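Chemist: after the sequence you'll find the predicted model.
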Amino acid sequence: MGESTAVLVEKKHRTLGLSDEQVLGMYRDMLLARKLDERTWLLNRAGKVPFVLSCQGQEAAQVGAAYALDKEKDYLCPYYRDAGVVLVFGMTARELMLNSFARAEDPNSGGRQMPGHFGGKKYRILSGSSPVTTQVPHAVGLALAGRMEGKDFVSFVSFGEGSSNQGDFHEGANFAGVHKLPVIFFCENNRYAISVPYSKQVACESIADRAQGYGFPGVSVDGSDILEVYRVTKEAADRARRGEGPTLIEARCFRFSPHSSDDDDRSYRPEGEVEEDKQYDPLRLFNRYLKEVEVLTDKLEQEIHDSVAKIVDDATEYAENAAPPQPEDTLKHVYAETGRDGKWQ
Amino acid sequence: MAVISYIEAINQALREEMDRDQKVFILGEDVGLKGGVFKTTEGLYDRFGSERVLDTPLAESAIVGVGIGAAAYGFKPVAEIQFADFIMPAVNQIVSEAAKMRYRSNGDWNCPMVVRAPYGGGVHGGPYHSQCIEAMFCNVPGLKVVAPSTPYDMKGLLKSSIRDDDPVLFLEHKRCYRLIKGDVPEKDYIVPIGKADVKREGEDITVISFGLTLHFALQAAERLAKDGYSAHILDLRTLYPLDKEAILEAARKTGKVLIVHEDNKEGGIGGEVAAMIAEECLFELDAPIKRLGAPDVPAGPFNGVMEKFYMLNPDKIYEAMRELADF
């Protein structure tokens, strides 16, 4: 790209109200999400962590959306690929690694849940489960609670396009539409529900089209373009805070990994597809943008990469050496007052 | 003390808890302006407004799921499922979400909500307004299942359930709503979750039951008394987790146990009660443990003759009690 284009795009993050420092922070968070993810695959193949759910290819959508929210007051109901979202909201690399290693100290679940099942009250991240889409009505309930208390927080819920077929998506979206609740329904459409492609899941062109039936706007955005994701999510958050109700956002993403560490996508994805999709690697695209607008220099890039590598190493070492839960911890936290058999007294 | 009906006890408990705690609110289908299809929430909309007595879209999973979100935030939602038969779309939310929220988050989050559901037959409700659903939920750690039988227990247990820090599935026998009346104190009181209650003292046989069949058993016990046998009757009140201590004590008391529930016999909670007794005090018994339940067919044909055939009644329970007493 020539000089003139660079000037044009430079306006982009500034016109969105993002400082150079903020976009560098966004880049760092994307990179951290990616590098932690890559590390967990290595650890999995080395037999050290039993399971991996990946965010690779969706980092721009995740980090861009999370930056558009208020980290001090908004609530999150993320889904299992959302490492990028929870990192922005304060979850640390060590905490994510503790989650992967299922250690006692893991703030998400103390080793109870599979990796990627995020939760943490201090970050206002509501604990999620494995049956997909159940988090959608929860986000609506959080928004309802906020409205009843006169708060102006936004409730952000994310899910895959496969989840948009579930009844809970419909029930939750409809409820939020009827009551004009401050919810952002954020669909990370990576075009695959494990092995089933978009064409076999959804008959409408875009997931965003579904919003029409609920009486609120639906927006489709290039999920590899972090600034566009930021822009539409910011608009949705502003609308929600103004009391104008929910928005459905479809972020069109790519999935660079198999569904999970137990999946082999070569049996169902056309040969060469992933490589082709990687042209739109959100990390590379944002790196290019930041260099074009001269926010990211080679030196700064090296520094960020070195620092992220250090964070990933530190997190790995910390989590690997962290204590496992005690076997008897299995009996705790079934009910509020836990007796010796795990039941209340 | 005032004599009130089972349904009035529910209404009073809801009103008093909503007066007491601003965080308590009701959500469900037709609960607001109409006051519920059974009139359980009558008058509450006028008193507390449309936000705290929230008419929702017809969508059970959202009724429970939205309640879970609000509960996690710190509210105390009381979600109404209009008929227990219609709870099925919300099972994922109850079992996978509400019940496991505390456990899966290692105690970080919890879900203090009540899901009320009218269950049971005898009201010409056909197969989808008559079912007993408790067995499906009595194997779900993290969830409490409560099923009161009397107005006193109803009011005290509903209050306990609303004040509880964990999710409670609260089962109301719809035939009992206006059929059962009883003394209820004017002042605030609670009945603890997890405690069964002896409703009749006796020496010869023990009957363990809850809900409508508990009342049938009490009637049958009067008849049995004329035969010279006295029945000891235990009301389970909480179906999960069961009050093991009270069950074993009641079983040991007479050495002859009959477990009665309206639900189908096979796979009903009677099996669990029987297993507890067999495991802990088999050699203290004087007769095999007996169970009496509905035939193993779907609950509740609409036709009156068929429904009567399906449902238990005082006569059927009397026969079983007499047989056990004679053993």
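Modeler: Yes, it's here. Numbering: from 1, shown residues only, chains lettered A, B, ... in the order given.
Chemist: just the element for the residue of the stretch 151-300 of chain B found nearest chain A, please.
Modeler: Nearest residue of the stretch 151-300 of chain B to chain A, counting by C-beta to the nearest C-beta: B:Asp165, 3.9 Å away. For every residue, glycine as well, the C-beta is placed using N, CA and C. No secondary structure element spans B:Asp165, as it lies outside all helices and strands (assigned by DSSP states H and E).
Chemist: stretch B:195-206 near chain A anywhere?
Modeler: No: judged by C-beta under 8 Å from any C-beta of the partner chain, stretch B:195-206 stays clear of chain A, getting no closer than 11.4 Å.
Chemist: would you mind measuring from A:Glu303 to chain B?
Modeler: Using C-beta to the nearest C-beta, to the nearest Å, we find A:Glu303 at a distance of 35 Å from chain B.
Chemist: what residues are up against the residue of the stretch 151-300 of chain B closest to chain A?
Modeler: Shown here is B:Asp165, whose contacts under the criterion C-beta atoms under 8 Å, 6 or more residues apart in numbering or on different chains are A:335-336, B:110, B:112.
Chemist: secondary structure class for the closest residue to it other than its chain neighbours?
Modeler: Of all residues not flanking B:Asp165 in the chain, A:Ala336 sits nearest, at 3.9 Å (C-beta to C-beta, 6 or more residues apart in numbering or on different chains). Classification of A:Ala336 using DSSP: H, G, I helix; E, B strand; the rest coil returns coil.
Chemist: so A:Ala336 touches B:Asn110, yeah?
Modeler: Yes: with contact defined as C-beta atoms under 8 Å, A:Ala336 reaches B:Asn110; the gap is 6.8 Å.
Chemist: what do those two both touch?
Modeler: B:102, B:165-166.
Chemist: contacts only, for the residue in the stretch 51-200 of chain B that chain A sits nearest to.
Modeler: When distances are taken as C-beta to the nearest C-beta, the stretch 51-200 of chain B reaches nearest to chain A at B:Gly69, 2.1 Å away. Taking C-beta under 8 Å, 6+ apart as the contact definition, B:Gly69 lies against A:77, A:126, A:137-145, A:155.
Chemist: quick check: it is in a helix.
Modeler: Yes: when three-state DSSP is applied, B:Gly69 is found to be in a helix.
Chemist: against B:Ala90, how distant is the residue of the stretch 151-300 of chain A found nearest chain B?
Modeler: Across the stretch 151-300 of chain A, the shortest distance to chain B (C-beta to the nearest C-beta) belongs to A:Glu171, at 3.6 Å. Applying C-beta to C-beta, to the nearest Å, the value for A:Glu171 to B:Ala90 is 10 Å.
Chemist: and the average pLDDT for stretch B:15-26 is what?
Modeler: The predicted model assigns stretch B:15-26 a mean pLDDT of 98.
Chemist: buried by neighbour count: which residues of that stretch qualify?
Modeler: Taking 16 or more other C-beta atoms under 10 Å in any protein chain shown as the neighbour-count basis, stretch B:15-26 is seen to contain the buried residues B:15-18, B:23-26.
Chemist: just those now: which is nearest A:Val221?
Modeler: Nearest to A:Val221 out of the buried residues of stretch B:15-26 is B:Phe25 (C-beta to C-beta; 35.7 Å).
Chemist: A strand includes the closest one, no?
Modeler: Yes: according to three-state DSSP, the state of B:Phe25 is that of a strand.
Chemist: and A:Lys11, what pLDDT?
Modeler: Value for A:Lys11, per-residue pLDDT: 77.
Chemist: what's the answer for A:Ser4, then?
Modeler: For A:Ser4, the pLDDT comes out at 51.
Chemist: where do the strands sit along chain B?
Modeler: Under the criterion DSSP state E, chain B contains strands at B:2-5, B:24-28, B:53-55, B:76-80, B:114-119, B:144-146, B:168-173, B:181-184, B:197-200, B:205-209, B:231-235, B:238-240, B:257-264, B:290-294.
Chemist: quick check: which of those strands is buried the most?
Modeler: For the strands of chain B, the largest average neighbour count (mean count of other C-beta atoms under 10 Å in any protein chain shown) is found in strand B:205-209, namely a mean of 29.
Chemist: strand partners (parallel or antiparallel) of that one?
Modeler: Paired with strand B:205-209 in the same sheet, following DSSP bridges, are strand B:231-235 (parallel), strand B:257-264 (parallel).
Chemist: please consider this matter closed, and thank you.
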